[in-house]
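Peer 1: the amino acid sequence is not available; the structure is as follows:
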């Protein structure tokens, strides 16, 4: 599980270069005024705290989905499927046509969000910054979708929430800087590092596939668990499956 959390942090850290163009307009528009840089920095952390809370909520929801998949005995195939989708989204972008139009839509959506919650952007308070961050966390975002795939792969509500929190923490170095330096960081940086982000998504997809294959490789592809989901529940309640009972206890 540790390697998944490392992947979550790196997804946030490397992928946040993508956030410069996507969430940058909102971060730049934060009501920080002409306050000293340390006030802006703390206000930026409050904003990001609200954003991370929304990620944690998403982690709970999709961690629950992963838990249901595990109980159905499909976690192996879900992990492989998520990995394949991540790789295909990079290698065969033709299968995901219209990404440029989607990006433009997100830019417009960010502008509409700023307009719709104009009152929040006019109030220079930590509560408004937190609320803006919380709402921002639910904006459609390809990077968040990648993180959600990891949350599903944890197969647990708590681990799913923790995965998304770690992902959010990874985005803070870039996202906490944007409100301070403003438009000095342009979308050119995002384009420059686009290849790095693509490679990382492929690596993450391979990791998910290896986890699903259960090849017995420590930390990368752990072996398949001995107990099936229904057997684990029986074991937790002190019930021994019939196949594992001593021969003397089995019915003739």
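Peer 2: It's in. On a predicted model such as this, the values are computed, not experimentally measured, just so you know.
Peer 1: now residue 65: how far from residue 58?
Peer 2: Distance, residue 65 to residue 58, by Cβ to Cβ, to the nearest Å: 11 Å. C-beta here means a position set from N, CA and C on the backbone, and glycine is covered the same way.
Peer 1: list the contacts for residue 43?
Peer 2: 30, 32, 35, 126, 129, 179 (Cβ atoms under 8 Å, 6 or more residues apart in numbering).
Peer 1: coming back round to it: between residue 65 and residue 58, which has more neighbouring residues?
Peer 2: With other Cβ atoms under 10 Å as the criterion, residue 65 and residue 58 differ in neighbour count, and residue 58 comes out ahead with 22 against 17.
Peer 1: chain neighbours aside, what residue packs nearest to the more buried one?
Peer 2: Taking Cβ to Cβ, 6 or more residues apart in numbering, and ignoring the residues beside it in sequence, residue 58 has residue 164 as its nearest neighbour in space, at 5.7 Å.
Peer 1: now the one you found: phi and psi?
Peer 2: Summarising the backbone geometry of residue 164 under the convention degrees, to the nearest 10, its torsions are phi -70, psi -30.
Peer 1: separation between it and residue 133?
Peer 2: Relative to residue 133, and taking Cβ to Cβ, residue 164 is found at 14 Å.
Peer 1: and what of residue 204?
Peer 2: Summarising the geometry, the distance separating residue 204 from residue 133, computed by Cβ to Cβ, is 25 Å.
Peer 1: any idea of the pLDDT on the residue nearest to residue 58?
Peer 2: Taken from the predicted model, the pLDDT recorded for residue 164 is 96.
Peer 1: what do you get for residue 157?
Peer 2: Taken from the predicted model, the pLDDT recorded for residue 157 is 93.
Peer 1: ok, it - contacts?
Peer 2: By Cβ under 8 Å, 6+ apart, the neighbours of residue 157 are 60, 63, 64, 67.
Peer 1: flag the shaky bits of the protein, pLDDT-wise.
Peer 2: When residues are selected by pLDDT under 70, those of the chain lie in 1, 18-25, 33, 93-116, 179-195, 217-252.
Peer 1: same thing but 50
Peer 2: Along the chain, the model assigns pLDDT under 50 to residues 226-252.
Peer 1: so what secondary structure elements neighbour whichever strand or helix holds residue 8?
Peer 2: Using DSSP states H and E, residue 8 sits in helix 2-22. Taking 3 or more Cβ pairs under 8 Å, 6 or more residues apart in numbering; DSSP states H and E as contact, the helices and strands that helix 2-22 lies on are helix 99-116, helix 142-153, helix 157-175, helix 187-192, helix 194-213.
Peer 1: swap the cut-off to 6 Å and go again
Peer 2: Packed against helix 2-22, as judged by 3 or more Cβ pairs under 6 Å, 6 or more residues apart in numbering; DSSP states H and E, are the following elements: helix 142-153, helix 157-175, helix 187-192, helix 194-213.
Peer 1: among those helices, which is nearest residue 121?
Peer 2: Within these, the stretch nearest residue 121 is helix 157-175; the backing value is 16.8 Å (Cβ to Cβ).
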